[in-house]
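Enquirer: sequence unknown, structure follows:
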């Protein structure tokens, strides 16, 4: 399936206020940033799925954060996945719809409002705050340039 279809299906598991175009654009950009080849598992690391969640990072974040824990349980139930960090970690590599829903829930944990679809700088700042990519400390300029390209591609790919 396409990234946008997986995102749409994942967002369909969530309340309407989480299904906005800005959310879809940001998820698409992060997907391209983190896992453009859509591999089940990171090549040289522990991250899994389209959004490259680590068990002790993004997975634990959506399982334990008070603002999304109940929604995470609902999404897991809908996708037939046990509500534990291990079950989710194993499933997100094989289930891009689950991965998209959980990525949106992880974005929801950020206290700042979601930036508009066109606000690439705001999207970049949110991505840094929530994903905390390790590559940012090693190659900040390259990572920033890659995100700009991915955000532009996401804007084109996600219809208004």
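Expert: Nice, thanks for sending it over. What you see is a predicted model; the values in this text were computed from it and never measured.
Enquirer: what's the weakest-modelled helix or strand in this protein?
Expert: Scoring the helices and strands of the chain by mean pLDDT, DSSP states H and E places helix 135-138 at the bottom, with a mean of 72.
Enquirer: Now find how far off-centre it is within its chain.
Expert: Taking CA atoms, centre = their mean, to the nearest Å, one finds helix 135-138 lying 19 Å from the centre of the chain it belongs to.
Enquirer: So the closest residue to residue 119 other than its chain neighbours: helix, strand or coil?
Expert: Nearest residue to residue 119, sequence neighbours excluded (CB to CB, 6 or more residues apart in numbering): residue 22, at 7.9 Å. All C-beta atoms are positioned from the backbone trio N, CA, C, and that covers glycine. Taking DSSP: H, G, I helix; E, B strand; the rest coil as the rule, one finds residue 22 in the helix state.
Enquirer: Residue 22 and residue 98, how far apart?
Expert: 21 Å (CB to CB, to the nearest Å).
Enquirer: So between these two, which is more surrounded?
Expert: residue 98 (25 against 18; other CB atoms under 10 Å).
Enquirer: Mind pulling up the pLDDT for that one?
Expert: Confidence per residue is given as pLDDT, and for residue 98 that number is 98.
Enquirer: Now do the same contact list for residue 63.
Expert: Contacts for residue 63 were tallied using CB atoms under 8 Å, 6 or more residues apart in numbering; they are 69, 72, 83, 84, 85, 88.
Enquirer: All the helices of this protein, residue numbers only.
Expert: When secondary structure is read from DSSP state H, the chain shows helices at 3-12, 21-34, 60-64, 69-79, 85-92, 96-108, 120-131, 135-138, 140-157.
Enquirer: out of those, deepest packed?
Expert: Each of the helices of the chain was scored by mean neighbour count; the highest is helix 96-108, a mean of 26, by mean count of other CB atoms under 10 Å.
Enquirer: Torsion angles phi and psi at residue 52?
Expert: phi 50, psi 60 (degrees, to the nearest 10).
Enquirer: and the residue nearest to it when sequence neighbours are not counted, how far is that from residue 148?
Expert: Nearest-residue entry for residue 52: residue 34, 4.1 Å, with adjacent residues in sequence omitted and distances by CB to CB, 6+ apart. In this structure, residue 34 and residue 148 are separated by 15 Å, where distance is defined by CB to CB.
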